[in-house]
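Trainee: Provided below are the primary sequence and the corresponding predicted coordinates.
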Amino acid sequence: MEINLVVVNVGNSRVAIGSFVAGELTGDVERIAVVRREEWAQAVERAWQRISGRENAAIVAAGVNPDVQSALSDVVSERIDRRVVWVGKDLDLPIKVLTDEPEKTGIDRILNVAAAYEQTEMETVVVDAGTAITLSACNDAGEFLGGAIAPGVRMQLDALHERTAALPLITTEEFKAPDEPYGQNTKQAMLHGVYHGIRGMVKEIVEAYATQMGKWPEVVATGGDAQALFSGWEIVTGITPDLTLYGIAKAYADHHIKHDSE
């Protein structure tokens, strides 16, 4: 089955839009703030134009932001005259989820693990550095085990500024790996704290997972802040910015392979 898809990941802060042509992610992925509805709506239209004349063309999405998900469905219906196919609602989840409440587990986390496991085929931990920092683990059978959730870079920097009288606001653009071992001013000290705090947390959690698994897992990073946080770090096997989009495409393909053969 040839797969030609517009894939949309509706996050808390951004909407990511990409196109799969004949099963391959093609062109640039557009990432647009959720509040900029007209911009991401036009991006969806552009992505659709790339695949609209192809076989089995569809618009497939997943999300963790119900209001924006509803808006996306409206945009696709009104402007493209199509229906969004939603992972978890219209499509089966691509992996088994072993958490206490699978239906409440973040769909983005599940899709990230599914896409990463397809690459690694072994115990894997996905670190998603977005609005929140999430760690999500699977066993050697590719089953989702659970993980951890913590505040992301932006959330931590905002909290330091908003909950204190003197600490300054630091923009996301200013966030980077520290150049020096000691913060020489307030902004540098805040950046050191957030940067090393997140990496220390990730290292501690991955080590705990490795102990439980009995071996060191593959660690795959994704998310908007992954490059700034984890580039060149020996703990992280690789950084895949569009991991969730690959997971969405996998869910679509697996669902149709399963049900078309029944």
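Mentor: On my side now, so go ahead. Residues are numbered from 1 along each chain as shown.
Trainee: shouldn't Thr244 be in contact with Ala62?
Mentor: Yes. In this structure, Thr244 is within contact of Ala62 by Cβ atoms under 8 Å, at 7.2 Å. Yep, even glycine has a C-beta here, placed from its N, CA and C like the rest.
Trainee: Give the residues shared as contacts by those two.
Mentor: Contact criterion Cβ atoms under 8 Å, 6 or more residues apart in numbering; residues shared by Thr244 and Ala62: Asn9, Asp108, Leu111.
Trainee: Measure how buried the first one is and give me the count.
Mentor: When you say that, I think you mean Asn9. A count of nearby residues for Asn9, using other Cβ atoms under 10 Å, gives 26.
Trainee: quick check, Ala43 in a helix?
Mentor: Yes. Under DSSP: H, G, I helix; E, B strand; the rest coil, Ala43 falls within a helix.
Trainee: Would you mind measuring from it to Lys104?
Mentor: 29 Å (Cβ to Cβ, to the nearest Å).
Trainee: which of these two has more neighbours?
Mentor: Neighbours per residue, other Cβ under 10 Å: of Ala43 and Lys104, the larger number sits with Ala43, 22 against 7.
Trainee: how far away is that one from Val7?
Mentor: Counting by Cβ to Cβ - Ala43 and Val7 are separated by 12 Å.
Trainee: Show me whatever sits in contact with both of these two.
Mentor: Counting by Cβ under 8 Å, 6+ apart, the residues touching both Ala43 and Val7 are Ile17.
Trainee: So for Ser73, what's the pLDDT?
Mentor: Note on Ser73: pLDDT of 98.
Trainee: ok so, going back, more neighbours: which of Thr244 and Ala62?
Mentor: Thr244 (32 against 28).
Trainee: what's the more buried one sitting at in phi/psi?
Mentor: Note on Thr244: its backbone torsions stand at phi -60, psi -40 [degrees, to the nearest 10].
Trainee: Tell me which stretches of the stretch 1-150 of the chain form helices.
Mentor: In the stretch 1-150 of the chain, the helices defined using DSSP state H, counting those that start in this stretch lie at 37-51, 66-75, 107-120.
Trainee: With respect to burial, which of those scores highest?
Mentor: helix 107-120 (a mean of 24; mean count of other Cβ atoms under 10 Å).
Trainee: just the CA coordinates of that one, formatted as PDB?
Mentor: C-alpha atoms of helix 107-120 as PDB (Å, rounded to 0.1, in the frame of the first residue of the first chain):
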ATOM      1  CA  ILE A 107      -0.600  10.000  22.400                       C
ATOM      2  CA  ASP A 108       2.600  11.900  21.400                       C
ATOM      3  CA  ARG A 109       4.600   9.800  23.900                       C
ATOM      4  CA  ILE A 110       3.200   6.600  22.500                       C
ATOM      5  CA  LEU A 111       3.900   7.600  18.900                       C
ATOM      6  CA  ASN A 112       7.400   8.700  19.800                       C
ATOM      7  CA  VAL A 113       8.200   5.300  21.300                       C
ATOM      8  CA  ALA A 114       6.600   3.400  18.400                       C
ATOM      9  CA  ALA A 115       8.700   5.300  15.800                       C
ATOM     10  CA  ALA A 116      11.900   5.000  17.900                       C
ATOM     11  CA  TYR A 117      11.400   1.200  18.500                       C
ATOM     12  CA  GLU A 118      10.900   0.700  14.700                       C
ATOM     13  CA  GLN A 119      14.400   2.000  14.300                       C
ATOM     14  CA  THR A 120      16.100   0.300  17.400                       C
END
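Trainee: Thanks a lot, catch you later.
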